[in-house]
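Q: Using only what follows, build the 3D model:
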Amino acid sequence: MSERFSAARRSLLVATALAPVVLAACSKPYAFHGVDITGVPYADGFSLTDFNGKQRTLADFAGKVVVMYFGYTQCPDICPASMQVVAQAMDDLGTKAKDVQFLFVTVDPTRDTPEILKAYVTHFNPTFLALTGTPEQIALTAKNFKVYYKKVPGKTPGSYTMDHTAGFYVFDPKGKIRLFEREGVSAKDLALDINALLEGH
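A: Numbering: from 1, shown residues only. Predicted coordinates for the structure are as follows:
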């Protein structure tokens, strides 16, 4: 056996031995940056009204990744920061952003009128929608998503802020709850997770 043939044979044997490892690496499941909450017995839907007065349910957005956030328009810090994150994530997704719907659910329906909600969310992205309802409907939706919120009295009579759970709930295109993205997630990581759901992970 020639030296050249022997070397070629050894290379082939090594390549053959490594093939399963390479294939395994290629088929490795995607590691989400958010908390995987697939199959939890809550966060299974909602029935609220958008800022145009249209009744909305999760079924309206079938085929899209849905990102939900509970907040209020007079929030001084956390909400606008989170809105900037999801707006940047949408930009990062490029043309795939058309298959994503962001929904802002107000926890302050008394002050957050439809007009105010529309101006607020579309400032960050023209495709964003905001949802509202009666105080009872908001309470029921928040309970279904295990979202905490509470009115906190302000320094002047009649003024208040809202303490609330911060983070994004993410549904896959089949309408199944999949992820909870904690407050502080980067736009890059959020975009990567959304893209993974769009690709069927």
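Q: The one helix or strand Arg56 maps to pairs with which strands?
A: Secondary-structure element containing Arg56, defined by DSSP states H and E: strand 55-57. According to DSSP bridges, strand 55-57 has the following sheet partners: strand 47-50 (antiparallel).
Q: residues making contact with the strand it pairs with?
A: 55-57, 105, 114, 129-133, 137-138, 141 (Cβ atoms under 8 Å, 6 or more residues apart in numbering). To be clear about C-beta, it is placed using only N, CA and C from the backbone, and glycine gets the same treatment.
Q: Just the ones of the residues you listed in helices?
A: With helices taken from DSSP state H, the overlap with the contacts of strand 47-50 comprises 114, 137-138, 141.
Q: rewinding a little: so what does the next helix or strand after the strand holding Arg56 touch, helix or strand wise?
A: The C-terminal neighbour of strand 55-57 among helices and strands, as given by DSSP H and E, is strand 65-71. Contacts of strand 65-71 with other secondary structure elements, assessed using 3 or more Cβ pairs under 8 Å, 6 or more residues apart in numbering; DSSP states H and E, are made with helix 78-93, strand 100-106, strand 167-171, helix 187-198.
Q: List the buried residues in the first one.
A: Within helix 78-93, the residues scored as buried using 16 or more other Cβ atoms under 10 Å are 79, 82-83, 85-90, 92-93.
Q: worst-scoring helix or strand of this structure, pLDDT-wise?
A: Evaluated with mean pLDDT, DSSP states H and E, the helix-and-strand set of the chain has its lowest mean pLDDT in helix 3-26, which scores a mean of 44.
Q: so after that helix, what's the next helix or strand?
A: Scanning the chain past helix 3-26 towards its C-terminal end, the next helix or strand to appear is strand 35-36 (assignment: DSSP H and E).
Q: I'd like to check what contacts that next one. Which residues are they?
A: With contact meaning Cβ under 8 Å, 6+ apart, strand 35-36 is reached by 178-182.
Q: Could you export those residues to TSV, including columns for distance to Gln101 and pLDDT?
A: Output for the contacts of strand 35-36, formatted as TSV (distance: Cβ to Cβ, whole Å; pLDDT from 0 to 100):
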residue	distance to Gln101	pLDDT
Arg178	14	98
Leu179	15	98
Phe180	17	98
Glu181	15	98
Arg182	21	97
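Q: Can you lay out the residues you listed as TSV showing distance to Val100, secondary structure and neighbour count?
A: Rendered in TSV, the data for the contacts of strand 35-36 read as follows (distance: Cβ to Cβ, whole Å; DSSP: H, G, I helix; E, B strand; the rest coil; neighbours: other Cβ atoms under 10 Å):
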residue	distance to Val100	secondary structure	neighbour count
Arg178	13	strand	24
Leu179	13	strand	26
Phe180	17	strand	19
Glu181	13	strand	25
Arg182	19	strand	12
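Q: so how far is Asp44 from Lys143?
A: The span separating Lys143 from Asp44 equals 12 Å under the rule Cβ to Cβ, to the nearest Å.
Q: picking that back up, scan the ones in helices among the contacts of strand 47-50 and report the most crowded one.
A: Greatest neighbour count in those, by other Cβ atoms under 10 Å, goes to Ile138: 24 neighbours.
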